[in-house]
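1. need a structure here:
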Amino acid sequence: MLSDPIAVRLLGSDFVLDPAGESQSVARVFRAFMAARSRFAEDELATAVEKGTGQYVVLGAGLDTFAYRNSNRELRVFEVDLPATQQWKRALLTKAGIEVPPNLTRYIAAKGSICIDGTSLTVNEVSGNRFGVNLIPHTVEHTTFVDRKAGDAVNLEVDVVARYVERLLGAGGGNGIDEDFLREHGFAR
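-> All right, here's what the predicted structure looks like:
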């Protein structure tokens, strides 16, 4: 009904499921309602975007993760909630984030790629030295991620195209691609 891999990351590795509470019918109905509500809202949003809608406001956003799962670069998503709730969510997002060494940050771009422990993934968002990716259950189950937990060291390989561009820009001598060339051809400002 709804795939939301970010929600699991927000809960963190220290989250413990309460089996007694989960077995109550009201808990099952509430989970189903929340998933159905999100699926309905996101389907309606997709229809509205096709008709030209360019922004989406989530009132009472709580731990809603659509802003982080949104793959439409043209759609601006705004979350509105109480300051305490927003602060709590930001703390959870930070805790679930992946720190990037400063020397690699310049090579990581939203919608670009990054390779983590040999698995190539699409970068969803970048903020300072942190970036986010979505992991679908199949990827987790069939890669080294199956044994990973929060805080584990990983091997990062940044986008090789970004390294080639940097190398060409540094070649100089007027024989390659430089910043003037990129500006002239609409690739830089």
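
2. Now do the buried residues in the longest helix belonging to the chain.
-> Under DSSP state H, the helix in the chain containing the largest number of residues is helix 25-50. Of all the residues in helix 25-50, those buried under the rule 16 or more other CB atoms under 10 Å are 38, 45, 49. Backbone N, C-alpha and C define where each C-beta goes, glycine included.

3. contacting residues for Leu93?
-> For Leu93, the contacting residues are 10, 68, by CB atoms under 8 Å, 6 or more residues apart in numbering.

4. in what helix or strand does it lie?
-> Here Leu93 sits within helix 83-96, counting by DSSP states H and E.

5. Helix or strand next in line after the longest helix of the chain, which one?
-> With DSSP H and E, the next secondary element past helix 25-50 is strand 55-59.

6. Next, the angle from that next one to helix 25-50.
-> Angle, strand 55-59 to helix 25-50, by axes from the mean of the first three to the mean of the last three CA atoms, to 10 degrees: 160 degrees.

7. that older thread, would you tell me which one of the buried residues of helix 25-50 comes nearest to His185?
-> Nearest to His185 among the buried residues of helix 25-50: Val49, at 30.0 Å, using CB to CB.

8. Was I right to think the closest one contacts Arg76?
-> No. Counting by CB atoms under 8 Å, Val49 stays clear of Arg76, with 10.9 Å between them.

9. what packs against the top strand by length along the chain?
-> Under DSSP state E, the strand in the chain containing the largest number of residues is strand 119-127. With contacts taken as 3 or more CB pairs under 8 Å, 6 or more residues apart in numbering; DSSP states H and E, strand 119-127 sits against helix 66-69, strand 113-116, strand 130-133.

10. Could you provide the ones you listed in JSON lines, with additional columns for mean neighbour count and distance to Val146?
-> Output for the helices and strands packed on strand 119-127, formatted as JSON lines (neighbours: other CB atoms under 10 Å; distance: least, CB to CB, whole Å):
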{"stretch": "helix 66-69", "mean neighbour count": "18", "distance to Val146": "22"}
{"stretch": "strand 113-116", "mean neighbour count": "18", "distance to Val146": "13"}
{"stretch": "strand 130-133", "mean neighbour count": "19", "distance to Val146": "16"}
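
11. Noted, bye for now.
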